[in-house]
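A.B. asks: requesting a structural model of the entry that follows:
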Amino acid sequence: MVFENVSAEALGNIYIGLLGLAVLLYAILDGYDLGVGVLLPPRNEKFRDDMIASIGPYWDANETWLVLAVGLLLFAFPEAHSEVLQSLYLPATFMLLGLILRGVSFDFRAKVVQVNKRKWDLAFKYGSLLTTLAQGYMLGIYVTGLRSDLWAQAFALLAAFGVTAAYAFIGSCWLILKAENQLQEKAYYWAKRGLGVLSIGIVAVSIANLTLHDEVRELWLSAPWGYVLMAIPVACFALLSLCGMLLKKLPEAKGKGEWLPFFIALLVFVLCFSAFGISYYPFVIPGKLTITDALSDANSLRFLLVGVVIVVPCILAYTAMVYKIFSGKSEKLSYY
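C.D. replies: Here you go, the predicted structure:
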């Protein structure tokens, strides 16, 4: 059998790494288009058309990474999958309802009489908002170790608004890259507002996170890993400060450097996710279930790995191809 010499421990690390990659790529790629959806202005049809056009070629494919992440969790860590869905059944249902609403409204907005178009645009907006809030809430409960006490609920609500702010920020940075003229000016305004909210959110979540698990607090406050981990929020705030300066200067740069805010937002996402991964490794469910405890049968995972090494590079290649083909400023969507 292929990969028969791969140990169970190595398999666990491979699959948790793949799971982390899928979640990170989903948070970045679907994050910006969810953010664009959240930012849709109810009273400006031209802006709404241009904003939806900016994500039109990508948004549906971005959700591939969510499907991959859920699939990996199910096959590689079935016990964790069971516990997560049992604890998060209700917010997961709301998330799926939001995703369904987005999918339906994206098509219907272009195929109904004009008088109803605004209603479907608003359905796309509120479907995006429902999805982001549900994802943030699920993340908060997950980080607490699937607790249900009052403090866990408060942290989950904080995470819900934090994730929504992060998505709105990266969405506005995406619009700076893809939009022109008045919409781009509005995107700069949104990004400046979102930058401050995101910074406050990172501080609040980081401080609250240290109170949840003794292992995490010890790791962050002890040498040598503490120094490495503390460097991550410092780097985040350095990048966000740089982004703040760029957002003031780029509107006068005549199109130069428009990619920088989105690139900085991407780096901040990667850094925050790295801090999360280092903090909770080797747990699949923080403070509750480790990789070894949750790992599926090793022989099954070796067999599945054959498919994974084929499918994941194909998804990556397809994603890269789509972004290359549709690079540059967005154009008006054509549905026919």
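A.B. asks: so where is the chain shaky, pLDDT-wise?
C.D. replies: 1-2, 113-115, 333-336 (pLDDT under 70).
A.B. asks: quick one: the residue lying closest to residue 55 once chain neighbours are set aside from residue 90, how far?
C.D. replies: Nearest residue to residue 55, sequence neighbours excluded (CB to CB, 6 or more residues apart in numbering): residue 33, at 4.1 Å. No exception for glycine: its C-beta is placed from N, CA and C like everyone else's. The gap separating residue 33 from residue 90 is 25 Å, by CB to CB, to the nearest Å.
A.B. asks: what's the following helix or strand after the helix or strand where residue 174 lies?
C.D. replies: Assessed by DSSP states H and E, residue 174 sits inside helix 150-178. Going down the chain from helix 150-178, the next helix or strand is helix 181-209, by DSSP H and E.
A.B. asks: packing partners for that next one?
C.D. replies: On a contact count with 3 or more CB pairs under 8 Å, 6 or more residues apart in numbering; DSSP states H and E, helix 181-209 meets helix 45-55, helix 150-178, helix 225-249, helix 260-280.
A.B. asks: pull out the buried positions in the helix or strand harbouring residue 34.
C.D. replies: Assigned by DSSP H and E, residue 34 belongs to helix 8-39. Residues 8, 11-12, 14-16, 18-39 are the ones in helix 8-39 that count as buried (16 or more other CB atoms under 10 Å).
A.B. asks: ok, now stretch 45-60?
C.D. replies: 47, 48, 49, 50, 51, 52, 53, 54, 55, 56, 58, 59.
A.B. asks: stretch 60-74 now?
C.D. replies: 62, 63, 64, 65, 66, 68, 69, 70, 71, 72, 73.
A.B. asks: contact partners for the nearest residue to residue 278 once chain neighbours are set aside?
C.D. replies: Spatially, and ignoring its direct neighbours in sequence, residue 278 is nearest to residue 229 (6.4 Å; CB to CB, 6+ apart). Residue 229 makes contact with 219, 220, 275, 278, 279, according to CB atoms under 8 Å, 6 or more residues apart in numbering.
A.B. asks: the helix holding residue 174 vs helix 225-249, what angle?
C.D. replies: Angle of helix 150-178 versus helix 225-249, following axes from the mean of the first three to the mean of the last three CA atoms, to 10 degrees, is 40 degrees.
A.B. asks: show me what counts as buried in helix 150-178.
C.D. replies: For helix 150-178, using 16+ other CB under 10 Å, the buried residues are 152, 155-156, 158-178.
A.B. asks: ok, stretch 280-294 next?
C.D. replies: Of the residues in stretch 280-294, 280, 283, 284, 285, 286, 287, 288, 289, 291, 294 count as buried by neighbour count, 16+ other CB under 10 Å.
A.B. asks: my guess is the third one contacts residue 76, does it?
C.D. replies: No. Taking contact to mean CB atoms under 8 Å, the distance of 9.1 Å between residue 284 and residue 76 leaves them out of contact.
A.B. asks: residues in contact with both of these two, list them for me.
C.D. replies: In contact with both residue 284 and residue 76: residue 16, using CB under 8 Å, 6+ apart.
A.B. asks: residue 54 and residue 313, how far apart?
C.D. replies: From residue 54 to residue 313 the distance is 27 Å (CB to CB).
A.B. asks: other SSEs contacting the helix holding residue 174?
C.D. replies: Using 3+ CB pairs under 8 Å, 6+ apart, helix 150-178 sits against helix 8-39, helix 45-55, helix 117-143, helix 181-209, helix 260-280.
A.B. asks: so which of these comes closest to residue 244?
C.D. replies: helix 181-209 (5.6 Å; CB to CB).
A.B. asks: and the angle from the closest one to helix 117-143?
C.D. replies: 20 degrees.
A.B. asks: can you pull the buried residues of helix 181-209?
C.D. replies: Going by 16+ other CB under 10 Å, helix 181-209 has these buried residues: 183-184, 186-188, 190-191, 194-195, 197-199, 201-202, 205-206, 208-209.
A.B. asks: over to stretch 295-302?
C.D. replies: For stretch 295-302, by 16+ other CB under 10 Å, it's 295, 296, 298, 301, 302.
A.B. asks: and which of these is nearest to residue 82?
C.D. replies: residue 296 (11.7 Å).
A.B. asks: which residues touch that closest one?
C.D. replies: 75, 76, 77, 78.
A.B. asks: do that again at 6 Å, thanks
C.D. replies: The contact partners of residue 296, by CB atoms under 6 Å, 6 or more residues apart in numbering, come to 76, 78.
A.B. asks: am I right that it is in a strand?
C.D. replies: No. Counting by DSSP: H, G, I helix; E, B strand; the rest coil, residue 296 is not part of a strand but coil.
A.B. asks: all numbers from here: first residue = 15
C.D. replies: That works, and once the first residue is 15, the last one we named lands at residue 310.
A.B. asks: angles on the backbone of it, please.
C.D. replies: phi -70, psi -180 (degrees, to the nearest 10).
A.B. asks: quickly note the distance from it to residue 222.
C.D. replies: Applying CB to CB to residue 310 and residue 222 gives a distance of 33 Å.
A.B. asks: do residue 234 as well
C.D. replies: 13 Å.
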